[in-house]
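Enquirer: coordinates only, sequence not included:
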């Protein structure tokens, strides 16, 4: 099992949903970056369950940084972050037959690991592991902030309810980063929550679309083919549980346009080359063009639902019916938003260090 991502800046994740702890090791990050524990805790809070629209399993995510930080700043050596698991209810899984939950990795994990996998709560495949991604990504976000680069994500759509698109991107990102339920049009938040609560009351779940913007990122970063900005980001984004699609800029919407509509025309404004539109999401030929990087992800409905489902007992090789137990989310999109921010920040740091060297992210004295 490969659990490391990145080239110059690398993140390794570890742990299981019902194990003693989860965590991450962040390696290759420049020294001298100030660690803001309150910021990291705040980011973890955005991922934490909240009310009827989330699971009742609430972990406090009291993280501990065991290495790589000295006197409040990164030392340049590997940063190890550990988050204990405390609110466990493993009997929901250990006292039932080995039934494959539709939409989950139970069956494929069994195929790959020959029955030795920790299946409780999804084990290593669980969204619980994303707390470690958020902790590591928060440190990456602090590194980007020193370079004037910010990342923000909003719920573009959920259960058929749509938010407005980014407008004044810098201000929109600042607004979103102060919110727990991240939408740009505050009037539609209640409608989204109502849809999620309705699905929960029916033992079902909903999905949606997340849209992310990266502001202040320099031009000229990325490679033409296999390590394009889109390739690197897509690789990381598809590692987030429940992501089933990625598009950059107008993405699939460009398929119904003509070239005259899809092309972003250039102009010089205040001595800077920009594009009049940003349908390509700030990337041309795999390389950043200096405009905000914009992309969206499709988040599938949470696969853990309480409705009866047809499945199999994969130990007995028999057909079966699944009536799910445990504590589950009727939607994860509002929690996944900060995971997407965090994964994006990690990729952006890696891309910058590949282009300019690992000391690029050091704060200016």
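Expert: Good, I have the coordinates. In this text the structure is predicted, and so the values were computed from the model without any measurement.

Enquirer: For the longest helix anywhere in the chain, which helices and strands make contact with it?
Expert: When the chain is parsed with DSSP state H, its longest helix is helix 333-356. If you count contacts as 3 or more Cβ pairs under 8 Å, 6 or more residues apart in numbering; DSSP states H and E, helix 333-356 packs onto helix 37-47, helix 130-145, strand 150-158, strand 208-215, helix 229-237, strand 293-299. For glycine as for every other residue, the C-beta is placed from the backbone atoms N, C-alpha and C.

Enquirer: Could you pull out the buried residues of that helix?
Expert: 333-355 (16 or more other Cβ atoms under 10 Å).

Enquirer: need the helices and strands packed on helix 333-356 in a markdown table with mean neighbour count and mean pLDDT, can you?
Expert: Formatted as a markdown table, the helices and strands packed on helix 333-356 follow (neighbours: other Cβ atoms under 10 Å; pLDDT from 0 to 100):
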| stretch | mean neighbour count | mean pLDDT |
| --- | --- | --- |
| helix 37-47 | 17 | 96 |
| helix 130-145 | 26 | 97 |
| strand 150-158 | 24 | 98 |
| strand 208-215 | 24 | 98 |
| helix 229-237 | 21 | 98 |
| strand 293-299 | 25 | 98 |
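
Enquirer: Which of the ones you listed sits closest to residue 169?
Expert: strand 208-215 (5.1 Å; Cβ to Cβ).

Enquirer: what angle sits between that closest one and strand 293-299?
Expert: Angle between the axes of strand 208-215 and strand 293-299 is 160 degrees (criterion: axes from the mean of the first three to the mean of the last three Cα atoms, to 10 degrees).

Enquirer: tell me the strands in the stretch 151-300 of the chain, going along the chain?
Expert: In the stretch 151-300 of the chain, the strands defined using DSSP state E, counting those that start in this stretch lie at 161-162, 208-215, 243-248, 266-269, 272-275, 283-284, 287-288, 293-299.

Enquirer: The second one pairs with which strands, parallel or anti?
Expert: Partners of strand 208-215 in the sheet, by DSSP bridges, are strand 150-158 (antiparallel), strand 293-299 (antiparallel).

Enquirer: Pull the contacting residues for residue 363.
Expert: 32, 33, 34, 146 (Cβ atoms under 8 Å, 6 or more residues apart in numbering).

Enquirer: Distance of it relative to residue 221?
Expert: 20 Å (Cβ to Cβ, to the nearest Å).

Enquirer: Kindly report the same for residue 268.
Expert: For residue 268, the distance to residue 221 - Cβ to Cβ - is 21 Å.

Enquirer: Please list the residues outside stretch 195-205 that contact it.
Expert: Contacts of stretch 195-205 (Cβ under 8 Å, 6+ apart): 52-53, 158-161, 206, 301-307, 328-331, 334.

Enquirer: Give me the buried entries from the contacts of residue 363.
Expert: Taking 16+ other Cβ under 10 Å as the criterion, what is buried in the contacts of residue 363 is 32, 33.

Enquirer: Out of the contacts of residue 363, which sit inside helices?
Expert: Short answer: the contacts of residue 363 have none in helices (DSSP H).

Enquirer: can I get the contacts of residue 363 in TSV with pLDDT and distance to residue 60?
Expert: Shown next, in TSV, are these (pLDDT from 0 to 100; distance: Cβ to Cβ, whole Å):
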residue	pLDDT	distance to residue 60
32	97	30
33	97	25
34	97	24
146	94	29
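
Enquirer: Pick out whichever of the contacts of residue 363 sits closest to residue 272.
Expert: Out of these, the member with the shortest distance to residue 272 (by Cβ to Cβ) is residue 146, at 21.7 Å.

Enquirer: Ramachandran coordinates for the closest one?
Expert: Main-chain torsions, residue 146, degrees, to the nearest 10: phi -60, psi -20.

Enquirer: ok, now how distant is residue 232 from residue 160?
Expert: Per Cβ to Cβ, residue 232 is found 32 Å from residue 160.

Enquirer: swap that for residue 221, please
Expert: Using Cβ to Cβ, residue 221 is found at 36 Å from residue 160.

Enquirer: So these two - more neighbours on which side?
Expert: More crowded of residue 221 and residue 160, by other Cβ atoms under 10 Å: residue 221, with 21 against 10.

Enquirer: The more buried one and residue 288 touch, don't they?
Expert: Yes. Shown here, residue 221 and residue 288 form a contact pair, counting by Cβ atoms under 8 Å, at 4.7 Å.

Enquirer: quick revisit: will you turn the strands of the stretch 151-300 of the chain into TSV that also has distance to residue 137?
Expert: Listed next are the strands of the stretch 151-300 of the chain as TSV, based on distance: least, Cβ to Cβ, whole Å:
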stretch	distance to residue 137
strand 161-162	27
strand 208-215	12
strand 243-248	15
strand 266-269	32
strand 272-275	28
strand 283-284	21
strand 287-288	19
strand 293-299	15
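
Enquirer: Report the contact partners of the residue nearest to residue 273 when sequence neighbours are not counted.
Expert: Excluding its sequence neighbours, the residue lying closest to residue 273 (Cβ to Cβ, 6 or more residues apart in numbering) is residue 266, at 6.0 Å. By Cβ under 8 Å, 6+ apart, residue 266 lies in contact with 273, 274, 275, 276.

Enquirer: Redo these as a markdown table? Include distance to residue 86 and pLDDT.
Expert: Formatted as a markdown table, these follow (distance: Cβ to Cβ, whole Å; pLDDT from 0 to 100):
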| residue | distance to residue 86 | pLDDT |
| --- | --- | --- |
| 273 | 52 | 96 |
| 274 | 49 | 97 |
| 275 | 49 | 97 |
| 276 | 52 | 97 |
